[in-house]
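Student: give the three-dimensional model of this entry:
(one chain, ligands or ions: 1)
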Amino acid sequence: MVLQGFDLEGQVIRPPAEAESILLQVTLGCSHNACAFCPAYKGKRFGFKAPARVAAALSAAAQDYPEVRRVFLCDGDALVMPQDRLEALLADIRQRLPRVTRIASYASAKALSFKTEAQLARLRELGLSTVYLGLESGSDAVLTAMNKWGDVAEHLRQAAKAKAAGLKLSVTVLLGLAGVDELAAQEHAQATGRALSAMDPEQAAALALMVVPGTPLYDRQQRGEFAPQNDAGLLRELYWLLEATNLTRGQFFSNHASNPLRLHLRLPREKAAGLEAVRAALAGEATLVPQAYRRL
Ligand code: SF4
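Tutor: Residues are numbered from 1 along each chain as shown. This next block holds a predicted model:
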């Protein structure tokens, strides 16, 4: 069953794993909105959605889907809302949708940096269970080049705080973000694997970069300043990334629609099988998802 939201404004994005969640839009856009590769909220001015509109959407959800178990808070940066508003929102969700067992949200390192561990633990008590953090790269050089908020150390600090508060952590990284240069790509992939290992999230998802018109990265590409990675390069990065990723007990995905090779692995158990699948793909022994079927 694929659910949806109510009174959604503009383009709304959710992680693939939230396909069965009610989408509850509480903020508009992203408070950073400056990552060079990101087309998500260009042209959407960041703001908090009026509480009356959020309450009306929640009422509509309660009427149409009283049995719903999952809610996803949109847009890109819901946790940047002030603590008192977030606490009131979570309490309201619990009251109006009593069957909900899982509330999730994107959480940028910036948004997490505004919250103490105790505040995050309070949000956990009130029902927030999972946060999706975009690390993108474990290389400071790549994060700087992509105008990402915060360096790798900052992302590690915020991830550790979220985990210590009891939140389930899902971390997203981007293959291809260092461009086509092989040495830079290897450094990006291996550093990203090391950062994922340090974060040790319950879920790690590798997406493949798609350079989208309207983004600063697209303009760089047009000027010849950025050359996107090809399929063989993306596979090599996936291999280096997986090789350097050691999770205590977690899932590793490359099953987003942007990926040429889709994997869903339980680590550490299936790491060797995953590496073998990538090796086979690099050797031409596996069918890749055609470019035409890939999307963000
Ligand atoms: S923080 Fe996330 S949503 Fe915001 S611009 Fe960067 S990638 Fe896009």
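Student: can you name the residues of the chain that neighbour the ligand?
Tutor: The chain comes close to the ligand at residues 30, 32-35, 38, 40, 76, 108, 134, as judged by CB under 6 Å from any ligand atom. The way it works is simple: take the backbone N, C-alpha and C, and place the C-beta from them, glycine included.
Student: can I get those in a markdown table including pLDDT?
Tutor: As requested, these are exported to a markdown table (pLDDT from 0 to 100):
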| residue | pLDDT |
| --- | --- |
| 30 | 94 |
| 32 | 94 |
| 33 | 93 |
| 34 | 95 |
| 35 | 97 |
| 38 | 94 |
| 40 | 89 |
| 76 | 88 |
| 108 | 95 |
| 134 | 97 |
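Student: need the buried ones from those selected in PyMOL.
Tutor: Buried residues within the residues of the chain next to the ligand, by 16 or more other CB atoms under 10 Å, are selected in PyMOL with:
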select buried, resi 30+32+33+35+38+40+76+108+134
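Student: just the residues of the chain next to the ligand: which are in helices?
Tutor: Using DSSP state H, no member of the residues of the chain next to the ligand falls within helices.
Student: can you name the element that comes right after the longest helix along the chain?
Tutor: Longest helix in the chain by number of residues, with DSSP H as the criterion: helix 182-199. Using DSSP states H and E, the helix or strand that follows helix 182-199 in sequence is strand 203-208.
Student: in the helix or strand following that next one, what's buried?
Tutor: Next helix or strand after strand 203-208 toward the C-terminus (DSSP H and E): helix 216-222. Judged by neighbour count using 16+ other CB under 10 Å, the buried positions of helix 216-222 are 216-218, 220-221.
Student: using a markdown table, lay out those residues together with pLDDT.
Tutor: Formatted as a markdown table, these follow (pLDDT from 0 to 100):
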| residue | pLDDT |
| --- | --- |
| 216 | 97 |
| 217 | 98 |
| 218 | 97 |
| 220 | 98 |
| 221 | 98 |
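Student: relative to residue 204, which of those residues is nearest.
Tutor: residue 217 (22.8 Å; CB to CB).
Student: returning to what we had before: what's the longest helix of the chain packed up against?
Tutor: Helix 182-199 sits against strand 128-136, helix 140-145, helix 152-164, strand 168-175, helix 231-244, with contacts defined as 3 or more CB pairs under 8 Å, 6 or more residues apart in numbering; DSSP states H and E.
Student: just the C-alpha atoms of the fourth one, please, in CSV.
Tutor: Read that as strand 168-175. Extracted in CSV, the C-alpha atoms of strand 168-175 (Å, rounded to 0.1, in the frame of the first residue of the first chain):
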residue,chain,number,x,y,z
LYS,A,168,17.9,4.8,14.5
LEU,A,169,20.4,6.2,12.0
SER,A,170,20.2,5.8,8.2
VAL,A,171,23.1,7.5,6.4
THR,A,172,23.2,8.4,2.7
VAL,A,173,26.3,8.7,0.6
LEU,A,174,26.8,9.6,-3.0
LEU,A,175,28.9,7.6,-5.5
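Student: shaky segments in the stretch 151-296 of the chain?
Tutor: Scanning the stretch 151-296 of the chain for pLDDT under 70 picks out 296.
Student: quick revisit: next, the buried residues of the longest helix of the chain.
Tutor: 184-197, 199.
Student: try stretch 196-212
Tutor: Quick answer for stretch 196-212 (16+ other CB under 10 Å): 196-197, 199-211.
Student: closest one of these to residue 261?
Tutor: Of the buried residues of stretch 196-212, the one sitting nearest to residue 261 (CB to CB) turns out to be residue 208, at 9.2 Å.
Student: from residue 176, how far off is that closest one?
Tutor: Distance, residue 208 to residue 176, by CB to CB, to the nearest Å: 6 Å.
Student: tell me, what's touching those two both at once?
Tutor: Common contact partners of residue 208 and residue 176 (CB atoms under 8 Å, 6 or more residues apart in numbering): 229, 234.
Student: got a list of what residue 83 touches?
Tutor: Residue 83 touches 115, 119, 122-123, counting by CB under 8 Å, 6+ apart.
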